[in-house]
Every structure is written in structure tokens, then in C-alpha cells.
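Predicted structure and sequence below. I'll ask about it afterward.
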Amino acid sequence: QVQLVESGGGVVQPGGSLRLSCAASGFTFSSYGMHWVRQAPGKGLEWVAFIRYDGSNKYYADSVKGRFTISRDNSKNALYLQMNSLRAEDTAVFYCVKDNRGYSSWYFDYWGQGTLVTVSS
Amino acid sequence: QSALTQPASVSGSPGQSITISCTGTSSDVGSYNLVSWYQQHPGKAPRLMIYEDSKRPSGVSNRFSGSKSGNTASLTISGLQADDEADYYCCSYAGSSTVVFGGGTELTVL
């Protein structure tokens, strides 16, 4: 069955950096687009970024553009999110999410359990 | 990328039907057949319930149905059960390779 396991969350100071990872299994990772979606404590869901199945195209929410970078290593079945210039408002649970297609279906059929990122001094 | 508008809360008794609305604009909900709905129980990851406005993934009960009219999408849950109590989020493609979520609706089963 599909499994998505995030790691790399933790506490970081404002202005700092963090790299999230997602280990995927149970499906042909290299055939599907992948997203990151976040949820601030007690708040709603916010789409963060998407990468196509082959890494050829990447798209970002305006709130993270220029600060976050999504990437993938299909040889390792892994998805990453490099987060720089972190702000207090980036504090959230970050979910690794599978798209239903290689390019984009723009809906999310499997979700990981999430990793918490806390930006605080 | 403004959030879609959902009611903060809805409630219903077991066996009843409820409908959650999701209002967007002609730039998102009204332009694409790409509205999806997610169920989230406390402390859990979201789960896909409806995609492409009205399609149901395998494994999702046929008590859940989706529809859309103009800039407003709706999720209807019939035959309410205790386990349906959760937060529900709508989501729409918003053009330019971006996605927007609704603010979420808390469903209480009385």
C-alpha cells in the first residue's frame, strides 16, 4: 500500500533553514507528481508546492516563492523541501502528498502523517 | 490566491443529510472541473473524499457526493454517522499551476 513518511521537522530560529524529506513506497514513485501541503496549528490546509514526476517543472504558492525549493530523487523514491529564510508564519505541519498523475491532476490521493516545523526564537 | 469560502461549522443528527458549501470565483471553482474534498479527523492526515467535482475514489462510501453550480461547489453527506464527525476542506485548481483550499468546515454529529 502507498506509504509516505516525512522527516526533518523541528524547531528553527527565524531566518533559519530546514530540509524536509519524504520517503515514498508502495507505488511507482517516478510516475507521479508530488506536493507539499502545510497546516498551521489549529488552522486550515495550505498548498505549498508541486513537482512533476520527472522533476521537469516545479510550482509554488506565492507565500513561499523564492524561499522554498521542492525537489525529488526518483532513484531513492524521495521528495524534499528545502526551506530558507523561515518566518514565524511558516510554523505548521508539513504533509507530503501524492498526486494522481505524473503531470498534475490537482488533487491529492495519498497523504503522509506530516512533520511539524516550528519557527521560533 | 484567496481562500475558498466554507461555513465554519455544520451539524446534523445521525441518519440525516447535510451539505457543505464551498464558494470560489470564476477564476477557480467556476472555471475548472477540479474541485476536491478532504475529510480530516483530529490529529490525522486528510483523506480524499471527492475529486473532479463529483467523482468518488474507490473505498469512499456512496453516502458522500459532490456537485457544483457556477462558482459554488457542495459536498453532501447522507445517512450521517458518528464517524463522519470531522473537518472537511474543499480545494480547487486556481489556474497558473496553483491550488487553493477552503478554510474548512467542522461537522458535528449531534
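In hand now; what should we look at?

Roughly how far does residue A:16 sit from chain B?
26 Å (Cβ to the nearest Cβ, to the nearest Å). Every C-beta, even on glycine, is put in place using the N, C-alpha and C of the backbone.

Please read the previous query as pertaining to residue A:88.
20 Å.

what does chain B put close to chain A?
Within chain B, the positions near chain A by Cβ under 8 Å from any Cβ of the partner chain are B:1, B:3, B:34, B:36, B:38, B:45-48, B:51-52, B:57, B:89, B:91, B:93, B:97-104.

Mind doing that once more with 6 Å?
Residues of chain B lying near chain A by Cβ under 6 Å from any Cβ of the partner chain: B:1, B:34, B:36, B:45-46, B:48, B:51, B:89, B:93, B:97, B:99, B:101, B:103-104.

Find me the pLDDT at the spatially closest residue to residue A:8 that is not a sequence neighbour, would you?
Computed as Cβ to Cβ, 6 or more residues apart in numbering or on different chains, the closest residue to residue A:8 that is not its neighbour in sequence is residue A:20, at 4.2 Å. We have a pLDDT of 98 for residue A:20.

what's the burial count for residue A:20?
21 (other Cβ atoms under 10 Å in any protein chain shown).

okay, and for chain A, where does confidence drop off?
Applying pLDDT under 70 to chain A flags no residue at all.

could you dump the residues of chain B next to chain A to CSV with secondary structure?
Shown next, in CSV, are those (DSSP: H, G, I helix; E, B strand; the rest coil):
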residue, secondary structure
B:1, coil
B:34, coil
B:36, strand
B:45, coil
B:46, coil
B:48, strand
B:51, strand
B:89, strand
B:93, strand
B:97, coil
B:99, strand
B:101, strand
B:103, coil
B:104, coil
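
Look at residue B:83 and give its secondary structure.
helix.

That one - how many residues pack around it?
10.

swap in residue B:32?
Residues within reach of residue B:32, counting by other Cβ under 10 Å, total 16.

now do residue A:41
Neighbourhood size, residue A:41 [other Cβ under 10 Å]: 9.

Next, it: phi, psi?
With angles defined as degrees, to the nearest 10, residue A:41 sits at phi -50, psi 120.

re the thing from before, and the residue nearest to residue A:8, helix, strand or coil?
Assignment for residue A:20 (three-state DSSP): strand.

looking at it, it is touching residue A:10, isn't it?
No: Residue A:20 lies out of contact with residue A:10 (Cβ atoms under 6 Å); the separation is 9.8 Å.

what is residue A:95 paired to in the beta sheet?
Beta-bridge partners of residue A:95, counted by DSSP bridges, are residue A:37.

what sits against the nearest residue to residue B:35 once chain neighbours are set aside?
Using Cβ to Cβ, 6+ apart and skipping the chain neighbours, the partner closest in space to residue B:35 is residue B:73 (4.3 Å). For residue B:73, the contact set (Cβ atoms under 6 Å, 6 or more residues apart in numbering or on different chains) comprises B:22, B:29, B:35, B:90.
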